[in-house]
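**Q** Fold the stuff below for me.
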Amino acid sequence: MMIGYTVIQGIQDSIFSIVVVYALLFLLTLIIAPFKYIKDKEKTSEDTIDVPQTQPLSIDDIKDEDMMVATIIASIDARETLKTDVVVKSVKEIK
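**A** From the prediction side, this is the model:
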């Protein structure tokens, strides 16, 4: 005995299944969306670094071009590493 299952019934079942899937995705979106507004307080406290305020380096403290280049490269590297503003406190020539 063969049970009659028409093409129309198949299309109706397919559309119903698609609607159910999209409804579940929409509900998941509504549930997950507020999580982007919750900030991790422990992570933000670790990211902040206390850097003491110092006097800026004067041009008289730098003796030659090599010292100037080394100072600039070191300050750029420190800024990229610390992700904050960097103040050059002192420059020493090592021989």
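**Q** count of residues packed around Ala70?
**A** Applying other CB atoms under 10 Å, we find 15 residues neighbouring Ala70. The way it works is simple: take the backbone N, C-alpha and C, and place the C-beta from them, glycine included.
**Q** pLDDT value on it, please?
**A** pLDDT recorded at Ala70 is 79.
**Q** In the helix or strand containing it, which of the residues would be classed as buried?
**A** Using DSSP states H and E, Ala70 maps to helix 65-82. Residues of helix 65-82 classed as buried by neighbour count (16 or more other CB atoms under 10 Å): Thr71.
**Q** can you check stretch 12-20 too?
**A** Per 16+ other CB under 10 Å, stretch 12-20 contains no buried residues.
**Q** Could you give the average pLDDT over it?
**A** pLDDT averaged over stretch 12-20 gives 97.
**Q** can you pull out the helices in this protein?
**A** 7-32, 41-47, 65-82 (DSSP state H).
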